[in-house]
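S.K.: Sequence and predicted model, in that order:
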Amino acid sequence: VSGVFAPIGTYGSGNGPLGTMSFTAVEGIAFQPGTGMLFAVHRRGGNDVLFRVDPATGLRVAGAFGGADYLEIDPSQTTFDTTFDIAFAPTGTLFAITWDGNAQYKLVTVDIQTGIAPTFGGKLNAAAPHGLTFDLGGGAWVVGSPVTGAGAFAPVDTLSGAIGTVSPVDNGSGYEAIAFP
């Protein structure tokens with residue numbers, strides 16, 4: 001009603017394959033359909049990590065990944081420099097927008113058991129996306145700022161990673177998130 005922000009807690013820190021880390025740079029957060037489980041991605045300057053969040057406390061869920069508190073996103077590769085956002089498709093598949101450090105935004109899936117994230121062929125540079133969501137029909141959408149001082153959103157084909165028609169958003173810039181009701 002008032003718009004006043006009321007924090008419920010911090011994510012805290014966790015232990016996993018890369019040792020202990022504090023979850024202080026969360027780039028994306030998403031509920032898994034049908035389970036109520038909340039997942040988040042922490043940006044760490046290298047392959048980022050996926051962790052679960054307790055929605056009641058805001059704290060990471062201890063031992064959520066076979067005893068580990070987090071998973072490294074695609075530990076077998078060094079191609080994912082930054083994960084900008086995550087979103088679950090209605091089917092339960094977790095998708096992410098990544099930046100490979102070589103001027104390419106990519107759409108990937110992330111296995112929530114292993115962290116493995118195979119890339120798709122399509123590159124999302126046309127929208128410089130930082131936000132990802134799914135509409136009620138299961139269509140994927142991204143939002144970003146491909147031109148300085150402008151914003152844009154576009155549909156994305158989740159099978160190929162191909163981006164559809166980019167539409168301008170004319171009331172601001174620096175778009176980082178998008179959501180459908």
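M.R.: Nice, I can see it.
S.K.: and T20, what does it touch?
M.R.: Contacts here follow C-beta atoms under 8 Å, 6 or more residues apart in numbering; on that basis T20 touches S13, G14. All C-beta atoms are positioned from the backbone trio N, CA, C, and that covers glycine.
S.K.: So F180 sits against G137, correct?
M.R.: No - with contact defined as C-beta atoms under 8 Å, F180 does not count as touching G137 (9.4 Å).
S.K.: between the two, which one's more packed in?
M.R.: Higher neighbour count among F180 and G137: F180, with 10 against 7, using other C-beta atoms under 10 Å.
S.K.: Next one: that one from T133, what distance?
M.R.: 6 Å (C-beta to C-beta, to the nearest Å).
S.K.: quick one: low-confidence ranges for this structure?
M.R.: Residues of the chain that meet the criterion pLDDT under 70 lie in 75-81, 101, 103, 119-123, 125-127, 146-149, 172-173.
S.K.: Look at T114 and give its secondary structure.
M.R.: The three-state label given to T114 by DSSP: H, G, I helix; E, B strand; the rest coil is coil.
S.K.: Can you report how many residues neighbour it?
M.R.: Neighbours of T114 (other C-beta under 10 Å): 15.
S.K.: which SS class is the nearest residue to it once chain neighbours are set aside?
M.R.: Closest residue in space to T114, ignoring its immediate chain neighbours: L71 at 7.0 Å, by C-beta to C-beta, 6 or more residues apart in numbering. With three-state DSSP as the basis, the three-state label of L71 is strand.
S.K.: for stretch 82-102, how far is the first residue from the last?
M.R.: 11 Å (C-alpha to C-alpha, to the nearest Å).
S.K.: Okay, buried residues for that stretch please.
M.R.: Within stretch 82-102, the residues that count as buried by 16 or more other C-beta atoms under 10 Å are 82-88, 93-100.
S.K.: can you check stretch 23-38 too?
M.R.: Neighbour-count burial for stretch 23-38, counted by 16+ other C-beta under 10 Å, picks out F23, E27, G28, I29, A30, M37, L38.
S.K.: Kindly export stretch 22-29 (C-alpha atoms) in PDB.
M.R.: Written as PDB, here are the backbone C-alpha positions of stretch 22-29 (Å, rounded to 0.1, in the frame of the first residue of the first chain):
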ATOM      1  CA  SER A  22      28.700 -14.500   0.900                       C
ATOM      2  CA  PHE A  23      25.700 -14.000  -1.400                       C
ATOM      3  CA  THR A  24      25.900 -10.200  -1.700                       C
ATOM      4  CA  ALA A  25      25.600  -9.600  -5.500                       C
ATOM      5  CA  VAL A  26      22.300 -11.300  -6.500                       C
ATOM      6  CA  GLU A  27      21.500 -10.700 -10.200                       C
ATOM      7  CA  GLY A  28      18.400 -12.800 -10.600                       C
ATOM      8  CA  ILE A  29      15.800 -14.600  -8.500                       C
END
